[in-house]
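Q: Quick one, fold the following:
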Amino acid sequence: MATWGNYMTQDASSALMEQLMFFHDHTIMILSMITVMVAYIMMSMTKNKLVNRYLLEGQTIELIWTLIPAITLIFIALPSLRLLYMIDEINNPSITIKVIGHQWYWSYEYSDFGENEFDSYMKPINELNKSEMRLLEVDNRTIIPMNTQTRIVVTAADVLHSWAVPSLGIKIDAVPGRLNQGTINITRPGIMFGQCSEICGANHSFMPIMIESTTTKNFLKWINSM
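A: Numbering: from 1, shown residues only. Model (predicted):
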């Protein structure tokens, strides 16, 4: 999802998203080096500068063509595997939030604090204030304390959905009859937007996700007021 006037990723709101952005830049750098090298060799061969018997045949060049791609793949695979481990690993979450996808809205359950649950619908355009985002504002925001390990448990009540918040680097499929989980640790206060990223029906584009990150003190006040 692009930000306003920008075709790069959104600003990171979690440590996981920061690592994903670093890996993206790392991979783009490697791809750029490969592209430049191949383009240079092709242009040089066109001009007959590098066309010789060492480039066209021989054990040395075959060894080079084998080792360079293998080493390149290692430099991509190691940080990739590390990221996959970080995404799947859940260490002692302080809060668990259950997310249920419906056609076409989300339900949230804060089971750690009693029977606190609510539905989150997109606000109609005619009810929006001037400062609110069209097609992204909801009637009930999901409040999460920052700097807190939070486990997200996701399922669906009817069809396939996908709970995705790009700035947090999280995307969890909502499958009926199955619980999928992920973890987030928001590093700054603010509002994060997301949307269902699975084509779930006619109103697929009208079930946004709106997360408000706040301090633990304000979060507890909000929980007590529910």
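
Q: can you list the domains in the protein?
A: Per automatic domain parsing, the domain ranges recorded for the chain read 15-88, 95-225.

Q: Near the residue lying closest to residue 101 once chain neighbours are set aside, how many other residues are there?
A: Excluding the flanking residues, the one nearest residue 101 by CB to CB, 6 or more residues apart in numbering is residue 161, at 3.1 Å. For glycine as for every other residue, the C-beta is placed from the backbone atoms N, C-alpha and C. If you count neighbours by other CB atoms under 10 Å, residue 161 ends up with 30.

Q: Specify the beta-bridge partners of residue 161.
A: On the basis of DSSP bridges, residue 161 is bridged to residue 174.

Q: check contacts around it.
A: 101, 173, 174, 196, 198, 200, 207 (CB atoms under 8 Å, 6 or more residues apart in numbering).

Q: now the nearest residue in space to the second one that is not next to it in sequence: how far from residue 207?
A: Ranked by CB to CB, 6+ apart and with sequence neighbours excluded, the top spatial neighbour of residue 173 is residue 162, at 5.2 Å. The span separating residue 162 from residue 207 equals 10 Å under the rule CB to CB, to the nearest Å.

Q: Which residues are in contact with each of these two?
A: Joint contacts of residue 162 and residue 207 (CB under 8 Å, 6+ apart) are 101, 196.

Q: In the protein, which residue is most central in space?
A: residue 169 (2.7 Å; CA atoms, centre = their mean).

Q: rewinding a little: which one of the contacts of residue 161 is nearest residue 80?
A: In terms of CB to CB, no member of the contacts of residue 161 lies closer to residue 80 than residue 173, at 20.1 Å.

Q: give me the number of residues near that closest one?
A: Residue 173 is flanked by 17 other residues according to other CB under 10 Å.

Q: Then residue 14?
A: 23.

Q: quick revisit: which of the contacts of residue 161 ranks first by neighbour count?
A: residue 101 (27 neighbours).

Q: So what pairs up with it in the strands?
A: Beta-bridge pairing of residue 101 under DSSP bridges involves residue 106, residue 156.

Q: give the contact list for it.
A: Contacts of residue 101 by CB under 8 Å, 6+ apart are 154, 155, 156, 157, 158, 161, 162, 163, 174, 196, 200, 207.
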